[in-house]
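A.B. asks: predicted model, plus sequence, below.
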Amino acid sequence: MATVFEKPKSLTDAPFHYCPGCPHGIIHRLVAEAIDELGIEGKTIGVAPVGCAVMAYDYFSCDMIEAPHGRAPAVATGIKRSRPENIVFTYQGDGDLASIGMAETVHSAARNENITVIFVNNAIYGMTGGQMAPTSLPGQVTQTSPYGRDVNHCGWPIRVSEMLATLEGPEYITRVAVNNVKNVKNAKKAIKKAFQNQIEGKGFSLVEVVSACPTNWGMTPKQALEWIESDMLPYYPLGVFKDRTEKGGCAQ
Amino acid sequence: MSKVTFNTDMCKGCGLCVDACPKGCLAIAEDKLNPKGYSPAFMKEPDKCIGCAFCATMCPDCIITVER
(Lines give C-alpha, C1' and ligand atoms only; values in the text may rest on other atoms or scores of the structure.)
Protein backbone atom coordinates (compact mmCIF):
# COMPACT_ATOMS: atom_id res chain seq x y z
CA MET A 1 0.00 0.00 0.00
CA ALA A 2 1.17 3.49 -0.79
CA THR A 3 0.78 6.36 1.63
CA VAL A 4 -1.71 8.85 0.20
CA PHE A 5 -1.79 11.25 3.14
CA GLU A 6 0.63 11.98 5.97
CA LYS A 7 1.85 14.91 8.01
CA PRO A 8 4.05 17.18 5.85
CA LYS A 9 7.77 17.30 6.62
CA SER A 10 7.74 21.06 7.07
CA LEU A 11 5.70 20.64 10.25
CA THR A 12 7.48 19.63 13.45
CA ASP A 13 6.25 16.89 15.77
CA ALA A 14 5.06 19.46 18.34
CA PRO A 15 1.33 19.06 19.04
CA PHE A 16 -0.71 22.17 18.12
CA HIS A 17 -1.86 24.15 21.15
CA TYR A 18 -5.01 25.26 19.32
CA CYS A 19 -8.50 24.49 20.63
CA PRO A 20 -10.23 21.32 19.39
CA GLY A 21 -11.55 21.86 15.87
CA CYS A 22 -9.59 25.08 15.25
CA PRO A 23 -8.84 25.37 11.51
CA HIS A 24 -5.45 26.99 12.23
CA GLY A 25 -4.08 23.44 12.15
CA ILE A 26 -5.50 22.86 8.68
CA ILE A 27 -4.03 26.13 7.40
CA HIS A 28 -0.62 25.37 8.98
CA ARG A 29 -0.67 22.05 7.18
CA LEU A 30 -1.55 23.65 3.82
CA VAL A 31 1.36 26.08 4.15
CA ALA A 32 3.71 23.22 5.09
CA GLU A 33 2.48 21.10 2.16
CA ALA A 34 3.12 23.99 -0.24
CA ILE A 35 6.64 24.42 1.16
CA ASP A 36 7.28 20.67 0.82
CA GLU A 37 5.97 20.44 -2.72
CA LEU A 38 7.99 23.44 -3.91
CA GLY A 39 11.10 22.05 -2.21
CA ILE A 40 11.90 25.32 -0.43
CA GLU A 41 12.00 24.19 3.21
CA GLY A 42 15.71 24.91 3.55
CA LYS A 43 15.46 28.53 2.40
CA THR A 44 12.06 29.58 3.74
CA ILE A 45 11.77 32.11 6.56
CA GLY A 46 8.39 32.50 8.22
CA VAL A 47 7.18 35.45 10.26
CA ALA A 48 4.83 34.58 13.12
CA PRO A 49 2.21 37.12 14.25
CA VAL A 50 0.70 38.05 17.57
CA GLY A 51 -2.56 36.19 18.02
CA CYS A 52 -3.45 32.53 18.36
CA ALA A 53 -0.71 31.66 15.86
CA VAL A 54 1.90 33.42 18.00
CA MET A 55 3.64 30.11 18.59
CA ALA A 56 3.66 29.11 14.92
CA TYR A 57 7.46 29.07 15.17
CA ASP A 58 7.18 25.86 17.19
CA TYR A 59 5.22 24.14 14.44
CA PHE A 60 7.07 24.96 11.22
CA SER A 61 10.44 23.33 10.72
CA CYS A 62 11.75 26.21 8.59
CA ASP A 63 13.36 29.29 10.15
CA MET A 64 10.86 31.54 11.91
CA ILE A 65 10.89 35.04 13.38
CA GLU A 66 8.36 36.53 15.80
CA ALA A 67 7.14 39.98 14.80
CA PRO A 68 5.62 42.67 17.04
CA HIS A 69 1.83 42.89 16.83
CA GLY A 70 0.77 43.65 13.26
CA ARG A 71 4.28 44.30 12.00
CA ALA A 72 4.84 40.99 10.26
CA PRO A 73 4.77 42.47 6.72
CA ALA A 74 7.31 45.11 7.78
CA VAL A 75 9.58 42.46 9.31
CA ALA A 76 9.14 40.31 6.20
CA THR A 77 10.03 43.32 4.03
CA GLY A 78 13.30 43.71 5.92
CA ILE A 79 14.16 40.02 5.64
CA LYS A 80 13.30 39.81 1.95
CA ARG A 81 15.24 42.95 1.03
CA SER A 82 18.34 41.84 2.92
CA ARG A 83 18.10 38.18 1.87
CA PRO A 84 16.34 38.18 -1.51
CA GLU A 85 17.34 34.57 -2.17
CA ASN A 86 15.16 33.36 0.71
CA ILE A 87 11.42 32.74 0.53
CA VAL A 88 9.60 34.84 3.14
CA PHE A 89 6.04 34.38 4.32
CA THR A 90 3.93 35.88 7.08
CA TYR A 91 1.10 34.09 8.84
CA GLN A 92 -1.35 36.55 10.40
CA GLY A 93 -4.82 36.69 11.89
CA ASP A 94 -7.46 39.34 11.36
CA GLY A 95 -6.76 41.20 14.59
CA ASP A 96 -3.09 41.34 13.65
CA LEU A 97 -3.29 42.12 9.93
CA ALA A 98 -6.56 44.05 9.62
CA SER A 99 -6.44 46.09 12.83
CA ILE A 100 -3.13 47.11 14.35
CA GLY A 101 -1.17 45.98 11.28
CA MET A 102 -3.36 47.54 8.59
CA ALA A 103 -0.81 50.22 7.69
CA GLU A 104 2.02 47.71 7.29
CA THR A 105 -0.23 45.47 5.20
CA VAL A 106 -1.48 48.20 2.87
CA HIS A 107 1.94 49.75 2.34
CA SER A 108 3.76 46.46 1.74
CA ALA A 109 1.05 45.64 -0.82
CA ALA A 110 1.37 49.08 -2.39
CA ARG A 111 5.16 48.63 -2.65
CA ASN A 112 4.57 45.17 -4.16
CA GLU A 113 7.09 43.62 -1.79
CA ASN A 114 7.99 40.14 -3.01
CA ILE A 115 6.53 38.31 0.01
CA THR A 116 3.70 35.87 0.68
CA VAL A 117 1.04 36.76 3.25
CA ILE A 118 -1.31 34.15 4.72
CA PHE A 119 -4.22 36.04 6.30
CA VAL A 120 -6.50 33.99 8.55
CA ASN A 121 -9.87 35.70 8.93
CA ASN A 122 -12.09 34.23 11.64
CA ALA A 123 -14.02 37.43 12.45
CA ILE A 124 -12.93 37.60 16.08
CA TYR A 125 -9.92 38.08 18.36
CA GLY A 126 -9.19 34.49 19.39
CA MET A 127 -6.18 34.61 21.71
CA THR A 128 -7.41 37.44 23.93
CA GLY A 129 -10.77 35.83 24.55
CA GLY A 130 -13.20 36.68 21.78
CA GLN A 131 -13.37 40.46 21.41
CA MET A 132 -14.83 42.19 18.36
CA ALA A 133 -12.40 42.39 15.42
CA PRO A 134 -12.41 44.71 12.38
CA THR A 135 -13.78 41.72 10.49
CA SER A 136 -16.59 40.78 12.93
CA LEU A 137 -19.89 40.61 11.08
CA PRO A 138 -22.78 43.07 11.62
CA GLY A 139 -24.83 41.76 14.54
CA GLN A 140 -22.15 39.28 15.61
CA VAL A 141 -22.08 38.72 19.37
CA THR A 142 -18.61 38.95 20.89
CA GLN A 143 -17.20 39.76 24.33
CA THR A 144 -17.12 43.47 23.48
CA SER A 145 -20.35 43.53 21.47
CA PRO A 146 -22.68 41.50 23.71
CA TYR A 147 -25.77 42.85 21.91
CA GLY A 148 -24.25 42.18 18.48
CA ARG A 149 -22.00 44.44 16.41
CA ASP A 150 -23.81 47.75 15.89
CA VAL A 151 -22.57 49.16 12.58
CA ASN A 152 -23.78 52.65 13.48
CA HIS A 153 -21.48 52.64 16.48
CA CYS A 154 -18.59 50.37 15.43
CA GLY A 155 -18.62 50.71 11.67
CA TRP A 156 -18.71 48.00 9.05
CA PRO A 157 -16.39 45.00 8.81
CA ILE A 158 -13.47 45.46 6.43
CA ARG A 159 -13.13 43.29 3.35
CA VAL A 160 -9.35 43.25 3.22
CA SER A 161 -8.96 41.38 -0.07
CA GLU A 162 -11.31 43.66 -2.01
CA MET A 163 -9.64 46.72 -0.52
CA LEU A 164 -6.09 45.62 -1.37
CA ALA A 165 -7.17 44.58 -4.86
CA THR A 166 -7.89 48.24 -5.65
CA LEU A 167 -4.18 49.01 -5.27
CA GLU A 168 -1.90 49.00 -8.30
CA GLY A 169 0.88 47.23 -6.38
CA PRO A 170 -0.03 43.67 -5.43
CA GLU A 171 0.40 40.69 -7.72
CA TYR A 172 -2.12 38.22 -6.38
CA ILE A 173 -5.02 38.67 -3.94
CA THR A 174 -7.46 35.86 -3.30
CA ARG A 175 -9.93 34.67 -0.69
CA VAL A 176 -10.41 30.99 0.12
CA ALA A 177 -12.08 29.07 2.96
CA VAL A 178 -11.46 25.89 4.94
CA ASN A 179 -15.02 24.87 5.81
CA ASN A 180 -15.17 21.74 3.67
CA VAL A 181 -12.91 19.39 1.73
CA LYS A 182 -13.43 21.14 -1.61
CA ASN A 183 -12.59 24.56 -0.19
CA VAL A 184 -9.54 23.17 1.66
CA LYS A 185 -8.21 21.79 -1.64
CA ASN A 186 -8.79 25.15 -3.35
CA ALA A 187 -7.06 26.89 -0.44
CA LYS A 188 -4.06 24.64 -0.95
CA LYS A 189 -3.84 25.63 -4.62
CA ALA A 190 -4.05 29.31 -3.76
CA ILE A 191 -1.36 29.09 -1.06
CA LYS A 192 0.95 27.17 -3.35
CA LYS A 193 0.44 29.74 -6.09
CA ALA A 194 1.22 32.54 -3.64
CA PHE A 195 4.58 30.89 -2.85
CA GLN A 196 5.22 30.16 -6.53
CA ASN A 197 4.69 33.85 -7.34
CA GLN A 198 7.39 34.77 -4.87
CA ILE A 199 9.82 32.19 -6.26
CA GLU A 200 9.26 33.70 -9.71
CA GLY A 201 9.83 37.19 -8.29
CA LYS A 202 6.39 38.46 -9.19
CA GLY A 203 5.65 40.32 -5.97
CA PHE A 204 3.11 40.66 -3.17
CA SER A 205 0.71 37.72 -2.83
CA LEU A 206 -1.98 37.59 -0.16
CA VAL A 207 -4.24 34.62 0.52
CA GLU A 208 -7.15 35.42 2.83
CA VAL A 209 -8.40 32.22 4.45
CA VAL A 210 -11.91 32.39 5.91
CA SER A 211 -11.57 30.36 9.10
CA ALA A 212 -13.50 29.59 12.27
CA CYS A 213 -13.17 30.08 16.02
CA PRO A 214 -15.46 27.49 17.59
CA THR A 215 -14.45 28.40 21.15
CA ASN A 216 -15.12 32.13 20.97
CA TRP A 217 -18.07 31.82 18.61
CA GLY A 218 -19.60 29.51 21.24
CA MET A 219 -20.19 26.67 18.81
CA THR A 220 -19.13 23.10 18.23
CA PRO A 221 -16.46 22.65 15.52
CA LYS A 222 -19.11 21.34 13.14
CA GLN A 223 -21.49 24.25 13.81
CA ALA A 224 -18.62 26.70 13.29
CA LEU A 225 -17.85 25.32 9.83
CA GLU A 226 -21.56 25.56 8.98
CA TRP A 227 -21.60 29.16 10.23
CA ILE A 228 -18.76 29.99 7.81
CA GLU A 229 -20.95 28.82 4.95
CA SER A 230 -24.19 30.42 6.14
CA ASP A 231 -22.99 33.73 7.60
CA MET A 232 -19.39 34.52 6.69
CA LEU A 233 -19.21 33.61 3.01
CA PRO A 234 -22.18 35.82 2.02
CA TYR A 235 -20.24 38.82 3.42
CA TYR A 236 -16.79 37.54 2.44
CA PRO A 237 -17.29 35.95 -1.00
CA LEU A 238 -14.56 33.61 -2.24
CA GLY A 239 -12.63 34.32 -5.38
CA VAL A 240 -9.56 35.82 -6.99
CA PHE A 241 -9.64 39.59 -6.62
CA LYS A 242 -6.38 40.37 -8.32
CA ASP A 243 -4.07 38.29 -10.47
CA ARG A 244 -1.85 40.32 -12.74
CA THR A 245 -0.52 37.43 -14.79
CA GLU A 246 -3.57 35.29 -15.35
CA LYS A 247 -7.28 35.70 -15.63
CA GLY A 248 -8.90 33.81 -12.76
CA GLY A 249 -6.46 31.05 -11.94
CA CYS A 250 -7.24 29.20 -8.76
CA ALA A 251 -10.14 28.82 -6.34
CA GLN A 252 -13.76 28.52 -7.39
CA MET B 1 -8.28 -1.97 0.62
CA SER B 2 -7.17 1.10 2.50
CA LYS B 3 -5.82 1.76 5.93
CA VAL B 4 -6.37 4.81 8.13
CA THR B 5 -4.09 5.27 11.15
CA PHE B 6 -4.76 7.73 13.97
CA ASN B 7 -2.11 9.21 16.23
CA THR B 8 -4.63 8.82 19.03
CA ASP B 9 -2.59 10.53 21.74
CA MET B 10 -2.68 13.83 19.82
CA CYS B 11 -6.39 13.69 18.92
CA LYS B 12 -8.61 16.40 20.42
CA GLY B 13 -11.89 14.67 19.59
CA CYS B 14 -13.24 17.62 17.56
CA GLY B 15 -15.11 15.23 15.27
CA LEU B 16 -14.37 17.04 11.99
CA CYS B 17 -13.04 13.79 10.49
CA VAL B 18 -16.24 11.99 11.49
CA ASP B 19 -18.31 14.64 9.70
CA ALA B 20 -16.04 14.65 6.64
CA CYS B 21 -16.17 10.88 6.02
CA PRO B 22 -18.53 10.21 3.09
CA LYS B 23 -18.99 6.58 4.12
CA GLY B 24 -19.61 7.08 7.83
CA CYS B 25 -16.67 4.88 8.83
CA LEU B 26 -15.37 6.96 11.73
CA ALA B 27 -16.63 7.60 15.23
CA ILE B 28 -15.56 9.18 18.51
CA ALA B 29 -14.64 6.66 21.22
CA GLU B 30 -16.87 8.14 23.92
CA ASP B 31 -15.79 5.53 26.48
CA LYS B 32 -12.06 6.25 26.14
CA LEU B 33 -9.79 9.13 27.08
CA ASN B 34 -6.33 9.88 25.68
CA PRO B 35 -3.50 11.43 27.76
CA LYS B 36 -4.78 14.92 26.84
CA GLY B 37 -8.17 14.03 28.31
CA TYR B 38 -10.08 13.96 25.03
CA SER B 39 -12.16 11.14 23.60
CA PRO B 40 -10.31 10.27 20.38
CA ALA B 41 -11.64 9.43 16.94
CA PHE B 42 -11.23 5.89 15.68
CA MET B 43 -11.98 3.74 12.64
CA LYS B 44 -15.26 2.01 13.43
CA GLU B 45 -15.98 0.30 10.12
CA PRO B 46 -12.70 -0.29 8.24
CA ASP B 47 -14.38 -2.43 5.58
CA LYS B 48 -16.34 0.58 4.27
CA CYS B 49 -13.27 2.83 3.95
CA ILE B 50 -12.41 3.86 0.38
CA GLY B 51 -9.17 5.70 1.25
CA CYS B 52 -10.38 9.12 0.04
CA ALA B 53 -8.44 10.90 2.81
CA PHE B 54 -11.25 13.41 3.39
CA CYS B 55 -10.84 12.75 7.14
CA ALA B 56 -7.15 13.64 7.00
CA THR B 57 -7.88 16.70 4.84
CA MET B 58 -10.17 18.14 7.51
CA CYS B 59 -8.15 17.02 10.56
CA PRO B 60 -6.83 20.20 12.25
CA ASP B 61 -4.14 18.30 14.16
CA CYS B 62 -2.53 16.26 11.35
CA ILE B 63 -2.94 13.00 13.24
CA ILE B 64 -4.32 10.88 10.40
CA THR B 65 -2.23 8.86 7.94
CA VAL B 66 -4.00 7.25 4.99
CA GLU B 67 -2.63 4.35 2.98
CA ARG B 68 -4.26 2.84 -0.07
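C.D. replies: Received it, and whenever you're ready, just let me know what you need.

A.B. asks: what does the stretch 1-150 of chain A have sitting close to chain B?
C.D. replies: Applying CB under 8 Å from any CB of the partner chain, one finds that the stretch 1-150 of chain A approaches chain B through A:1-8, A:11, A:15-16, A:18-26, A:29. (Glycine included, C-beta is placed from N, CA and C.)

A.B. asks: hmm, try it at 10 Å
C.D. replies: Within the stretch 1-150 of chain A, the residues that sit near chain B (CB under 10 Å from any CB of the partner chain) are A:1-8, A:11, A:13-16, A:18-30, A:32, A:59.

A.B. asks: mind checking which of the residues you listed are in strands?
C.D. replies: Secondary-structure check on those using DSSP state E: residues within strands are A:3, A:4, A:5.

A.B. asks: can you map out the helices along chain A?
C.D. replies: For chain A, the helices identified by DSSP state H occupy A:24-38, A:72-82, A:94-95, A:102-110, A:151-154, A:160-165, A:181-199, A:214-217, A:221-227, A:233-235, in order along the chain.

A.B. asks: if we can go back for a sec, between the ones in strands among the residues of the stretch 1-150 of chain A next to chain B, which has the most around it?
C.D. replies: Neighbour counts for those were taken using other CB atoms under 10 Å in any protein chain shown; the highest belongs to residue A:5, with 20 neighbours.

A.B. asks: residues touching that one, list them.
C.D. replies: Contacts here follow CB atoms under 10 Å, 6 or more residues apart in numbering or on different chains; on that basis residue A:5 touches B:4, B:51-57, B:59, B:62, B:64-68.

A.B. asks: show me what it is bridged to.
C.D. replies: Partner residues in beta bridges with residue A:5: residue B:66, with DSSP bridges as the criterion.

A.B. asks: any idea which residue of the stretch 51-200 of chain A lies closest to chain B?
C.D. replies: In the stretch 51-200 of chain A, no residue comes nearer to chain B than residue A:181, which is 4.9 Å away by CB to the nearest CB.

A.B. asks: that residue: neighbouring residues, count only.
C.D. replies: That count, for residue A:181 with other CB under 10 Å as the rule, works out to 16.

A.B. asks: write a PyMOL command that selects only the buried members of the residues of the stretch 1-150 of chain A next to chain B.
C.D. replies: Of the residues of the stretch 1-150 of chain A next to chain B, the buried ones go into a single PyMOL selection, burial set by 16 or more other CB atoms under 10 Å in any protein chain shown:
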select buried, chain A and resi 5+7+8+11+15+16+18+19+20+21+22+23+24+25+26+27+28+29+30+32+59
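
A.B. asks: ignoring the adjacent residues along the chain, who's closest to residue 15?
C.D. replies: Picked chain A for this. In this structure, residue A:15 finds its nearest non-sequential neighbour in residue B:10, 4.9 Å apart by CB to CB, 6 or more residues apart in numbering or on different chains.

A.B. asks: actually, chain B is the one I wanted.
C.D. replies: Counting by CB to CB, 6+ apart, the nearest residue to residue B:15 once its immediate chain neighbours are dropped is residue B:28, at 5.8 Å.

A.B. asks: surely the one you found meets residue B:8?
C.D. replies: No - proximity of residue B:28 to residue B:8 does not meet the contact threshold set by CB atoms under 10 Å, at 11.4 Å.

A.B. asks: now for the two: what residues contact both?
C.D. replies: Taking CB under 10 Å, 6+ apart as the contact definition, residue B:28 and residue B:8 share the neighbouring residues B:38, B:40, B:41, B:42.

A.B. asks: just send those back as CSV, with secondary structure too.
C.D. replies: Output for those, formatted as CSV (DSSP: H, G, I helix; E, B strand; the rest coil):
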residue, secondary structure
B:38, coil
B:40, coil
B:41, strand
B:42, strand
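
A.B. asks: of the residues you listed, closest to chain A?
C.D. replies: When the shared contacts of residue B:28 and residue B:8 are ranked by distance to chain A (CB to the nearest CB), residue B:38 comes first, at 6.8 Å.
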